[in-house]
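> using only what follows, build the 3D model:
(2 chains)
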There are 2 protein chains.
Amino acid sequence: MDTDPATGLVAALDIGGTKIAGALVDGEGRIRVRSQRPTPAREDGETVMAAVEAVLADLAASPLWESAGAVGIGSAGPVDASRGTVSPVNVPGWRDYPLVERVRRAAAGRPVTLVGDGVAMTAAEHWLGAARGHANALCLVVSTGVGGGLVLNGRVHPGPTGNAGHIGHVPVDLDGEACACGGRGCVERLASGPHLARRALENGWRPGPDGDVSAVAVAAAARAGDPAAVAAFERAARALAAGIAATAALVEIDIAVVGGGVAGAGEVLFAPLRRSLGTYAALSFTRNLTVVPAATGTDAGLLGAAAAVMRADAAPDS
Amino acid sequence: MDTDPATGLVAALDIGGTKIAGALVDGEGRIRVRSQRPTPAREDGETVMAAVEAVLADLAASPLWESAGAVGIGSAGPVDASRGTVSPVNVPGWRDYPLVERVRRAAAGRPVTLVGDGVAMTAAEHWLGAARGHANALCLVVSTGVGGGLVLNGRVHPGPTGNAGHIGHVPVDLDGEACACGGRGCVERLASGPHLARRALENGWRPGPDGDVSAVAVAAAARAGDPAAVAAFERAARALAAGIAATAALVEIDIAVVGGGVAGAGEVLFAPLRRSLGTYAALSFTRNLTVVPAATGTDAGLLGAAAAVMRADAAPDS
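Predicted coordinates:
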């Protein structure tokens, strides 16, 4: 609880492979000041850090900056919260990069808390979104990758290194294809946007005149009844359902909250997801699990990073 | 902490489909008095309860009984610790059976704590066995079924209903065979003793003159180099590895402790298990996971039931 008692303001950073967002967030979850820069993801580590410093400088230009007592960071993973380092898959210039120490220096010595982006999204959904009031929940982001986080016993559960809830790399297909993580048959290999779109193409779906081969285009085709597009969403839903069922069997969650671009497809994803969950989650303590869309939208990363600093139920274990 | 401060004695019950064991256990994990009856698993619920009462009466005949301040129960599942009821798959006479209330009455009103048998085994291994000193662990029992339990943040994590760590019903084979639980492709469907032996037979393994078709016999054949027996253990190991990798991705464990009859096969199981773990657990925070045999043996259920009463780090969340 390193917030200023008068205002409850904290600084938040959401660091991904595409953009670096920053904000000053108040105790009600309102974003009071914001800034954003593209991530120079292919550049060297110091160039990436300069973009983070530029975002912090934008925030520091606000008269509210002096009231922000601490900084929370949600970063693309893997992270190592215990050592304060990050190694985002899509930012090769950062490997075991000492992000916590560098941000602390750039923020005039303020205390810094680091969590993975899946954990941050979970903290946001538990604070202000669809997981609010749930003591045991899984939150997922289904997008270019598949990430997630857990709420256990009423608290966000980051795990020792801040990576818990890593649903994207849960193996659900024993004899499945090799995954970029080095594993095999991972949820992400079947359910991420790019893999979903690839499967639709392999099955005979063809993009429209604009050539858009994204998961958004596959979703539009699925809504229009294209069988290969429908089948690709059903396969992704099946993999997500198996991963959610695995989580329910292991830690007894009562809700799964699904956000991210692919979840934006709506019922094209959620209908087969609910159906497949009936196939895989059949135990007395897993079969009443509900699945709902996320509620905090594109600010989830910032709000969750703020929650990790501000809220005792979202703070990493010390 | 309902133990007598002078002696630290508690009563423990380990209730399974084959036997009902009871003991008085001291604060050092020593079994001071013990009793056991066969489970009349095919009889009506009251007949099963009479066997539990007989075990408790044996314990009550000891002069130490008056010093035992509370009763811990580890029961075959599913259990519902929040309601104090059990519905063991292999004891059809008990469905939502109010075991906690019935044991409380039979034990002269002593407080009673209920956990699932996988959670009990985990509490025993964390107290006295191979998981001792580990803050985040998965313990598994690979036997007629596959069960398990979790240690998170240094505490046994039973979950709201006492069923967390249910590794046997984690789906690892998306398109796999239907499981008795109602799910599909579960770890248990691939790795339990009976399923392992069935697979060996299907692949061409033939039992010896004694006709023994148990997993123990398959293990002996595998050690002698029978290819179908070896392949059956490798397939079981692969399923267990995927389930362990799923757990590591979700909750960041650093050790998996494997007990139960099938684990008694030794390196015939553990060698392919460690190898397969390399295939499925490849993330920075999962790839250093170790797998070791359990250490508490056949008394794990009794010791774990005692731990659930006696030790703050194994008590269910209230």
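> hey, let's count contacts and neighbours off CA atoms from now on
Noted.
> which stretches of the stretch 201-318 of chain A form helices?
All helices of the stretch 201-318 of chain A, identified by DSSP state H, counting those that start in this stretch, fall at A:215-223, A:227-251, A:267-280, A:300-310.
> can you check the stretch 1-150 of chain A too?
Listed in chain order, the helices of the stretch 1-150 of chain A (DSSP H, counting those that start in this stretch) span A:45-60, A:99-106, A:117-128.
> now those in CSV, with mean pLDDT and distance to chain B?
Putting the helices of the stretch 1-150 of chain A into CSV (pLDDT from 0 to 100; distance: least, C-alpha to the nearest C-alpha, whole Å) gives the following:
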stretch, mean pLDDT, distance to chain B
helix A:45-60, 98, 20
helix A:99-106, 98, 17
helix A:117-128, 96, 11
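> tell me which of those sits most buried.
Counting by mean count of other C-alpha atoms under 10 Å in any protein chain shown, helix A:117-128 has the highest mean neighbour count of the helices of the stretch 1-150 of chain A, with a mean of 31.
> from the contact counts, what lies against that one?
Packed against helix A:117-128 by the contact rule (3 or more C-alpha pairs under 8 Å, 6 or more residues apart in numbering or on different chains; DSSP states H and E) you find strand A:71-75, strand A:137-142, strand A:146-152, strand A:155-156, helix A:300-310.
> tell me the angle that helix makes with strand A:137-142.
Angle of helix A:117-128 versus strand A:137-142, following axes from the mean of the first three to the mean of the last three C-alpha atoms, to 10 degrees, is 130 degrees.
> how far is helix A:117-128 from where the chain is centred?
Here the centre of helix A:117-128 is set off from its chain's centre by 8 Å, with C-alpha atoms, centre = their mean, to the nearest Å.
> for stretch A:143-150, same thing?
On the basis of C-alpha atoms, centre = their mean, stretch A:143-150 sits 5 Å off its chain's mean C-alpha point.
> cool, and stretch A:63-70?
26 Å.
> so which bits of it are buried?
Within stretch A:63-70, the residues scored as buried using 16 or more other C-alpha atoms under 10 Å in any protein chain shown are A:L64, A:W65, A:S67, A:A68, A:G69, A:A70.
> looking at these, which is nearest B:E188?
A:A70 (47.2 Å; C-alpha to C-alpha).
> so that closest one is in contact with A:A106, correct?
No - A:A70 lies out of contact with A:A106 (C-alpha atoms under 8 Å); the separation is 11.9 Å.
> so which residues on the stretch 201-318 of chain A come close to chain B?
Contact residues, the stretch 201-318 of chain A versus chain B (C-alpha under 8 Å from any C-alpha of the partner chain): A:238-239, A:242-243, A:245-247, A:249-252, A:279-285.
> swap the cut-off to 10 Å and go again
For the stretch 201-318 of chain A, the contact set with chain B under C-alpha under 10 Å from any C-alpha of the partner chain comprises A:235, A:238-239, A:241-254, A:277-286, A:317.
> ok, the stretch 1-150 of chain A next?
Within the stretch 1-150 of chain A, the positions near chain B by C-alpha under 10 Å from any C-alpha are A:G77, A:P78, A:V79, A:D80, A:S87, A:A135, A:N136, A:L138, A:G148, A:G149, A:L150.
> show me where pLDDT drops low in chain A?
For chain A, residues meeting the criterion pLDDT under 70 lie at A:1-7, A:317-318.
> gap between the two ends of stretch A:70-87?
With C-alpha to C-alpha, to the nearest Å as the measure, stretch A:70-87 spans 23 Å from end to end.
> so how far is it from its chain's centroid?
With C-alpha atoms, centre = their mean, you get 13 Å for stretch A:70-87.
> quick one: buried residues of it?
A:70-81, A:84-87.
> kindly report the same for stretch A:197-214.
Across stretch A:197-214, burial judged by 16+ other C-alpha under 10 Å covers A:A197, A:R198, A:R199, A:A200, A:L201, A:W205, A:R206, A:P207, A:V213, A:S214.
> looking at the residues of the stretch 1-150 of chain A next to chain B, which is nearest chain B?
Of all the residues of the stretch 1-150 of chain A next to chain B, chain B sits closest to A:P78, with 7.2 Å by C-alpha to the nearest C-alpha.
> quick check: phi and psi at that closest one.
The phi/psi pair for A:P78 (degrees, to the nearest 10) reads phi -70, psi 150.
> so it makes contact with A:V119?
No - counting by C-alpha atoms under 10 Å, A:P78 does not reach A:V119; the two are 11.4 Å apart.
> shared neighbours, those two?
Common neighbours of A:P78 and A:V119, using C-alpha atoms under 10 Å, 6 or more residues apart in numbering or on different chains, are A:G162, A:N163, A:H166.
> out of these, who's near chain B?
Near chain B, by the rule C-alpha under 10 Å from any C-alpha, you find A:G162, A:N163, A:H166 out of the shared contacts of A:P78 and A:V119.
> and chain A, what are its domain boundaries?
With domains defined by automatic domain parsing, chain A comprises A:10-121+A:299-314, A:132-295.
> report the distance from the longest one to the chain centre.
Spelled out, it's domain A:132-295. For domain A:132-295, the distance to the chain centre is 12 Å (C-alpha atoms, centre = their mean).
> and the helices of the stretch 201-318 of chain A, which is most packed in?
Ranked by mean neighbour count, the helices of the stretch 201-318 of chain A are led by helix A:300-310 with a mean of 31 (mean count of other C-alpha under 10 Å).
> tell me the centre residue of chain A?
By C-alpha atoms, centre = their mean, the mean C-alpha position of chain A lies nearest to A:G118, the distance being 3.3 Å.
> hmm, that residue is touching A:G159, no?
No - A:G118 is beyond contact range of A:G159, at 11.9 Å (criterion: C-alpha under 10 Å).
> can you tell me how far A:T247 is from B:G261?
Taking C-alpha to C-alpha, one finds A:T247 at 26 Å from B:G261.
> go ahead and confirm A:A308 touches A:V71.
Yes - using C-alpha under 10 Å, A:A308 is in contact with A:V71, at 9.2 Å.
> list the residues that contact both of the two?
A:A12, A:V112, A:T113, A:L114.
> contacts only, for the second one.
Under the criterion of C-alpha under 10 Å, 6+ apart, the contact list for A:V112 reads A:2, A:11-12, A:69-73, A:84, A:99-105, A:308-309.
> can I get stretch A:306-318 as PDB, trimmed to CA atoms?
Coordinates of the C-alpha atoms in stretch A:306-318 are reproduced here as PDB (Å, rounded to 0.1, in the frame of the first residue of the first chain):
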ATOM      1  CA  ALA A 306      -2.300   0.000 -10.700                       C
ATOM      2  CA  ALA A 307      -4.200  -2.700  -8.700                       C
ATOM      3  CA  ALA A 308      -0.900  -4.600  -8.100                       C
ATOM      4  CA  VAL A 309       0.400  -1.600  -6.200                       C
ATOM      5  CA  MET A 310      -2.800  -0.200  -4.700                       C
ATOM      6  CA  ARG A 311      -4.800  -3.200  -3.600                       C
ATOM      7  CA  ALA A 312      -3.800  -5.700  -1.000                       C
ATOM      8  CA  ASP A 313      -5.800  -8.400  -2.700                       C
ATOM      9  CA  ALA A 314      -3.800  -7.900  -5.900                       C
ATOM     10  CA  ALA A 315      -0.300  -7.400  -4.500                       C
ATOM     11  CA  PRO A 316       2.400 -10.000  -5.200                       C
ATOM     12  CA  ASP A 317       3.400 -12.200  -2.300                       C
ATOM     13  CA  SER A 318       6.500 -10.700  -0.700                       C
END
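> now it, how far from the centre of its chain.
Put simply, stretch A:306-318 sits 16 Å off its chain's centre (C-alpha atoms, centre = their mean).
> residues in contact with stretch A:203-215: which ones?
Contacts of stretch A:203-215 (C-alpha under 10 Å, 6+ apart): A:143-144, A:192-201, A:217-218, A:221-222, A:226-233, A:261-265.
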